[in-house]
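Trainee: output the structure for:
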Amino acid sequence: MNVHELRMHETHEGTKTPGTPLLNPLHESVINRLDPAFVRLYNDYIANGPPTSTDLAVVRQNYSALYSYAAAPATGVGGIGETQVPGWDKYQGDINVRVYVPPGEEPGQRKVWPVHFNFHGGGWAVGDLETDAHVCHHVCASVPCCVIDIGYRLIPEYPFPIGIMDSLSAVAHILANHKTFSIDPGNMTFGGESSGATIALILNHLFRDGGFGEKLKGVIVGTPTISDVRKYATPDMSPWPSMREAEFAPLLNWDKLKWFDTFKWISISSPRPTKPKEQKRDISWFADAMNAPDFTNLAPLTYLATAEVDPLRDEAEAYAKKMKEAGNRVVLRRFKGVPHHFMHMDRVLPQGREYVQDVISHIRRCLYPPLSPPAPAITAPPET
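Mentor: Numbers count the residues shown, from 1 in each chain. Next up is the predicted model:
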């Protein structure tokens, strides 16, 4: 038995079907860099499952529940409601938003809360208000703030950058109607994971450019997608070593990145009232956030988390470096031994729990800085 086989044996020991050959084993190029706790989780719940579907409708149906077996349930919010707000007016229509209200309101009375806006991930093409629900719960139950999750429209039915522009429009509408939502429009943070993290980072630029940057107190995100993967036909052509190191990573790998990216460009080639040239102008620098024209004077704090075994790791860390070089305060943290979606496995993975606690801590510090009156103590996400 070689070293690789020994590690597979040790990490699979104690799983549901010990000794059974795995239908979809972890690739040998990444097995030794993954935390044994994740390997056991993968072997128990993923390795013997059906192959990943390439039917977008099927992926959408299952996406938000993919890791529910490993997500820590959260309780303790004061209330949850849903409503609709206008999306990007170029493609008229309303989008859904979910509002989490913290505990502490007397019956029949509404407090005015700071607000954290969340943007879910899903490669621009999948995901919904359930995708980040457990993280939104944790934040709202632990920080005295309102959490508003934005259900932006998806590609390819709508052209990229629909997710970015829907989110911009939704936040602007909510802030303009802040009394209806009982929020403080001058005290907010942005957050999200994966493509949702990208939305939060891009909106950081757009709010500054629109003269509203002083309202944004922080951006707290994980595993964003930054570069335009269409530029590279193979991982070897990418300037980012993590693309090659994690070409066969679990959960998100090179093939999946290219699959998601296909829908982005299909979305602007389909017949629409707007002409392709106009659609390409709408994309601007959004396809590669490293090309933002100005990195100065962004939010007072950006927390950016990456995952060690994630093809997107290096481009996200390069983006954080560019922010720092422009004079911004950035907290960058790489989580060892985990793949792209690790934060959705916080019931099982310590890295997931630490990420959620980081999000809670940084949101609280941004919305309740030390010079402000002290806020109630942070509580850790519930143990299960």
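Trainee: this structure - how does it break down into domains?
Mentor: Using automatic domain parsing, the domain parsing of the chain gives 3-51, 76-367.
Trainee: okay if I get these as a markdown table plus mean pLDDT?
Mentor: Below are these laid out as a markdown table (pLDDT from 0 to 100):
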| stretch | mean pLDDT |
| --- | --- |
| domain 3-51 | 75 |
| domain 76-367 | 96 |
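Trainee: winner for burial among those domains?
Mentor: domain 76-367 (a mean of 20; mean count of other CB atoms under 10 Å). Just so you know, the C-beta spots here come from the backbone N, C-alpha and C atoms, and that holds for glycine as well.
Trainee: return the distance of residue 112 relative to residue 188.
Mentor: Distance, residue 112 to residue 188, by CB to CB, to the nearest Å: 12 Å.
Trainee: between the domains of the chain, which one is closest to residue 63.
Mentor: Closest to residue 63 of those is domain 76-367 (CB to CB; 4.5 Å).
Trainee: how far off centre is stretch 283-298?
Mentor: 18 Å (CA atoms, centre = their mean, to the nearest Å).
Trainee: neighbouring contacts of it?
Mentor: 160-161, 164, 198, 201-202, 204-205, 208-209, 213, 219, 224, 226-228, 230, 264, 268, 315, 318-319, 322-323, 325-328 (CB atoms under 8 Å, 6 or more residues apart in numbering).
Trainee: start and end of it, how far apart?
Mentor: 21 Å (CA to CA, to the nearest Å).
Trainee: surely residue 196 is in contact with residue 124?
Mentor: No - here residue 196 lies out of contact with residue 124, judged by CB atoms under 8 Å, at a distance of 9.7 Å.
Trainee: which one of the domains of the chain lies nearest to residue 69?
Mentor: Of those, nearest to residue 69 by CB to CB is domain 3-51, at 5.7 Å.
Trainee: I'd like the distance from the host helix or strand of residue 243 to the chain centre, please.
Mentor: Using DSSP states H and E, the element containing residue 243 is helix 241-245. The chain centroid and the centroid of helix 241-245 are separated by 20 Å under CA atoms, centre = their mean.
Trainee: equivalent analysis for stretch 361-368, please.
Mentor: Counting by CA atoms, centre = their mean, stretch 361-368 comes out at 18 Å from the chain centroid.
Trainee: run through who's touching that stretch.
Mentor: Taking CB under 8 Å, 6+ apart as the rule, stretch 361-368 contacts 114, 116, 139, 142-145, 187-189, 191, 217-218, 220, 300-301, 303, 331, 374-375, 378.
Trainee: and with 10 Å instead?
Mentor: Around stretch 361-368, the neighbours that count as contacts under CB atoms under 10 Å, 6 or more residues apart in numbering are 113-116, 139-140, 142-145, 147, 184, 187-191, 216-220, 299-303, 331, 374-378.
Trainee: which of those fall within strands?
Mentor: 113-116, 147, 184, 187-191, 216-220, 302-303, 331 (DSSP state E).
Trainee: following element in sequence after the helix holding residue 243, please.
Mentor: Trace forward from helix 241-245 with DSSP H and E and the next one is helix 254-266.
Trainee: on contacts alone, who are the packing partners of that following helix?
Mentor: helix 56-63, helix 241-245 (3 or more CB pairs under 10 Å, 6 or more residues apart in numbering; DSSP states H and E).
Trainee: any idea of the angle it forms with helix 56-63?
Mentor: Put simply, helix 254-266 runs at 120 degrees to helix 56-63, going by axes from the mean of the first three to the mean of the last three CA atoms, to 10 degrees.
Trainee: quick one: name whatever helix or strand follows helix 254-266.
Mentor: Taking DSSP H and E, what comes next after helix 254-266 is helix 276-283.
Trainee: output the helices and strands packed on helix 254-266 as JSON lines; include the columns distance to residue 276.
Mentor: Below are the helices and strands packed on helix 254-266 laid out as JSON lines (distance: least, CB to CB, whole Å):
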{"stretch": "helix 56-63", "distance to residue 276": "22"}
{"stretch": "helix 241-245", "distance to residue 276": "28"}
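Trainee: between the ones you listed, which one is nearest to residue 35?
Mentor: Between these, helix 241-245 lies closest to residue 35; by CB to CB that is 15.8 Å.
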